[in-house]
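Student: Structure of the sequence below:
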Amino acid sequence: MKIPKKYTGLLFAFVMSLLMACLMSGVLTAVFAGFNNQFFAHWFNGFVHAWPIAFPAILVIAPLVRKIVDALIE
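Tutor: This next block holds a predicted model:
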């Protein structure tokens, strides 16, 4: 099953925010809480709070970043 091309921007923001929130919450959990028996519970808790912020942020910021990059490229 393929998703229609008109949803490219939305799907990009969804996948990017999912991966970035997962990565960043994992890194920050490891830095501030360490690796212990509660690591995955803390990681998941951080992810659950980060992802709803990351998704709309990427929807808003991605077009601006594209314009900045286009201005910097020859």
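
Student: Where does the residue nearest the centre of the chain fall, secondary structure wise?
Tutor: Closest residue to the average C-alpha location of the chain: S17 at 2.2 Å, with C-alpha atoms, centre = their mean. Assigned by DSSP states H and E, S17 belongs to helix 8-33.

Student: Give the other helices and strands that that helix contacts.
Tutor: Packing partners of helix 8-33 (3 or more C-beta pairs under 8 Å, 6 or more residues apart in numbering; DSSP states H and E): helix 39-72. C-beta: built from backbone N, CA, C; applies to glycine.

Student: so what secondary structure elements neighbour the helix it packs on?
Tutor: Against helix 39-72 (3+ C-beta pairs under 8 Å, 6+ apart) you get helix 8-33.

Student: Just the mean pLDDT for the helix it packs on, thanks.
Tutor: The average pLDDT within helix 8-33 is 94.

Student: From H42, how far off is V48?
Tutor: Counting by C-beta to C-beta, to the nearest Å, the separation of V48 from H42 is 11 Å.

Student: Which one of the two is surrounded by more residues?
Tutor: H42 (18 against 11; other C-beta atoms under 10 Å).

Student: got a list of what the more buried one touches?
Tutor: Counting by C-beta atoms under 8 Å, 6 or more residues apart in numbering, H42 touches T29, A33.

Student: same deal with S17?
Tutor: Contacts of S17 by C-beta under 8 Å, 6+ apart are W51, A54, F55, A57, I58.

Student: Swap in 6 Å and give it another go.
Tutor: A54, F55, I58 (C-beta atoms under 6 Å, 6 or more residues apart in numbering).

Student: These into a markdown table, with extra columns for distance to F35, pLDDT and neighbour count?
Tutor: A markdown table is the format used below for the contacts of S17 (distance: C-beta to C-beta, whole Å; pLDDT from 0 to 100; neighbours: other C-beta atoms under 10 Å):
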| residue | distance to F35 | pLDDT | neighbour count |
| --- | --- | --- | --- |
| A54 | 23 | 95 | 22 |
| F55 | 27 | 95 | 17 |
| I58 | 28 | 94 | 21 |
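
Student: Kindly indicate which of those lies nearest V27.
Tutor: Distances from V27 to those, taken as C-beta to C-beta, are shortest for A54 (13.9 Å).
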